[in-house]
Structure formats: structure tokens, C-alpha cells
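>>> Mind folding the following:
(chains A, B, C and D)
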There are 2 protein chains.
Amino acid sequence: MYSIGFEGIIMDSRLLWGAVEMLILEVISQGSTYGYEIAQTVTSESNGYFDLKEGSLYPALHRLEQQKLLTASWQEVEGRRRKYYKLSSAGQKALDSKKTAWREFARGVEKVLGAQSVTP
Amino acid sequence: MYSIGFEGIIMDSRLLWGAVEMLILEVISQGSTYGYEIAQTVTSESNGYFDLKEGSLYPALHRLEQQKLLTASWQEVEGRRRKYYKLSSAGQKALDSKKTAWREFARGVEKVLGAQSVTP
DNA sequence: TTGAATACATTGACCGCCTAGGCATGATAG
DNA sequence: CTATCATGCCTAGGCGGTCAATGTATTCAA
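The predicted model follows:
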């Protein structure tokens, strides 16, 4: 039903639509990393609020790679194969523009929500 | 491609997914109103950033009505039939919880986005 | 009369999230 | 020894809300 309970707050996971790629790009921009770790980072840095599911994460990574916003390389670490990603320069630009768009969006929402208390 | 250009910023309209019902409830909570006006209010209060499409608006209104979060009544004003909506008490509760969830979500996103520049 | 604005509504396509599963290895507990 | 968990990648199918497009109807200005 596209909702996730978290500490009494029901989160409509559709809120994530369109933000997942930005979050992934942001985490990768902080240093080369791989899928499994990205999911953990997103969870921990959001104080457990987001649970980035594999069914969302991996397709998103593949999309971003296909759009050449990410480059990938397989590496073997302690007997485990990991696919490390890093941002291309196009990826950095895309991230910047997604962040700008996100903040404009959030401001727009807050304007509607708090129309009576927002100082212009 | 689910993106809208607005003053140079590309907005991923998917960001709206999951926020539309909240925005509608919020506008109605500010006073009984009807579909066409809701769309205009959302647009103007967000400074033109959101464009609530009819194909999103009317199905959402019907959903909310069916969930008994809204009550509706037809009225004739200057030869035009309008369907006026107002919030039920359940609707007000739903709005409050959606706003809480939204703000938690936005905080979560900002935590991930600004993880490196947060001052402790 | 033509068009724009108002006002409601529906349709099918699209697409990204979710659930649920698969595969494989290493470490730990029983 | 053997589950079981954590790690690590991946995919298929379903779901459902948004989008573009279209329809209907009225009012009013050019």
C-alpha cells in the first residue's frame, strides 16, 4: 500500500519518488562507494528514516550508470565482489541541479503549508 | 518525461507524488473551496512552482472524499456548478499527520544532503 | 462567432516504487 | 556440522498515481 511506519509516523513512500536518485548521487559524491553501503549510509544519515529497498536501489543505480552520471568498477574485497560507483562530471552537475530543484520544491510545499506564516 | 521547466530549474514532477493529497487537504483546510480554485491556489501560493493537473486533482479529490476525509456539496454560483469541499475531522487529522510525515521526510532528505556541512 | 476562462470529469500510457524472490560468500552461534 | 545471519549483487511482476489528451457545458469579451 506504499506506506511505511516509522516511530508512529506513517510515511507515504511515494514521497521518495524522484528523490531516490538524488540521495544516491549525493552519497556517492561524498566518496566512491557501492550499493549495499549506499543503502546503509542513506539509512544512517537520515537517522533511520529512509529504508532504501534493493528493488529501488539497484534499478536506480543502473539507470544512473546508463545515463553516464555514474561510472562503475567491480572490485574484490575480502572475498566479496562489490560494484563501486563514482560520479562523472555530468553526475555532479545532475546532482547540483537535482538539489536545487529539490529545495525549490520543498520551499514551494512549505509556502503552501504555511501560507500564513511565511515571510517573503 | 515527468519534468517541468520553471525559471531555469528543472522540476522532477515525481517529487509531487505523495504530496498532492496533502497540498489539497491543506488548501481546503484554509476554507471551503472547489477543484478549480484549489489548483489555482496551489499554483499561486507556491509562486507558480506547482501546476496541479486536472488528471491528478480530480481523482485525488474523489479518493479523499471516498475516504471520508472530505465532504462535498454542489452549489450553483453565477451560472456555474461548483463542487465545494470541506474537511471532515478525520480529514484534519489526516492533514496533520501528513504534514508531520512530510516534514520528517524533508528533514531526512536534508540530513543526507547536508551531512558533511552540518554544524554540531 | 470565435475564443478564452471557468468548471467538472475521464481515459490510457507510463514508470518507479515495492514485495518477493534468486544467487553466492563469510562469519557466527548452536 | 549446520543453521542462520550479514554481506553483496540482481530481477520480475504488480501496483497505482500522475501525465497528456480529450470531452462536456456555461459565461463573457472581442
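>>> which helix in chain A runs the most residues?
helix A:89-113 (DSSP state H).
>>> Next, the buried residues of it.
A:91, A:94-95, A:98-99, A:101-102, A:104-106, A:108-113 (16 or more other Cβ atoms under 10 Å in any protein chain shown). C-beta here means a position set from N, CA and C on the backbone, and glycine is covered the same way.
>>> And stretch A:39-52, by the same measure?
A:Ala39, A:Thr41, A:Val42, A:Thr43, A:Glu45, A:Ser46, A:Tyr49, A:Phe50, A:Leu52.
>>> now the residues you listed as a markdown table including pLDDT, secondary structure and distance to chain B?
Output for the buried residues of stretch A:39-52, formatted as a markdown table (pLDDT from 0 to 100; DSSP: H, G, I helix; E, B strand; the rest coil; distance: Cβ to the nearest Cβ, whole Å):
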| residue | pLDDT | secondary structure | distance to chain B |
| --- | --- | --- | --- |
| A:Ala39 | 95 | helix | 12 |
| A:Thr41 | 94 | helix | 8 |
| A:Val42 | 92 | helix | 6 |
| A:Thr43 | 90 | helix | 10 |
| A:Glu45 | 89 | helix | 5 |
| A:Ser46 | 86 | coil | 4 |
| A:Tyr49 | 83 | coil | 4 |
| A:Phe50 | 87 | coil | 6 |
| A:Leu52 | 91 | coil | 10 |
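>>> Out of the residues you listed, which is nearest to DNA strand C?
A:Leu52 (6.6 Å; Cβ to the nearest atom of the strand).
>>> Enumerate the residues of chain A near DNA strand C.
Contact residues, chain A versus DNA strand C (Cβ under 7 Å from any atom of the strand): A:2, A:4, A:13-14, A:16-21, A:51-56, A:59-60, A:63, A:78-80.
>>> Narrow the residues you listed to those in helices?
A:Val20, A:Glu21, A:Glu54, A:Gly55, A:Ser56, A:Pro59, A:Ala60, A:Arg63.
>>> What's the ChimeraX line that selects buried ones from those?
ChimeraX command restricting those to the buried ones, with burial defined by 16+ other Cβ under 10 Å:
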select /A:20,21,56,60
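>>> Please tabulate the ones in helices among the residues of chain A next to DNA strand C in TSV and include pLDDT as additional columns.
Output for these, formatted as TSV (pLDDT from 0 to 100):
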residue	pLDDT
A:Val20	93
A:Glu21	94
A:Glu54	94
A:Gly55	93
A:Ser56	94
A:Pro59	96
A:Ala60	96
A:Arg63	95
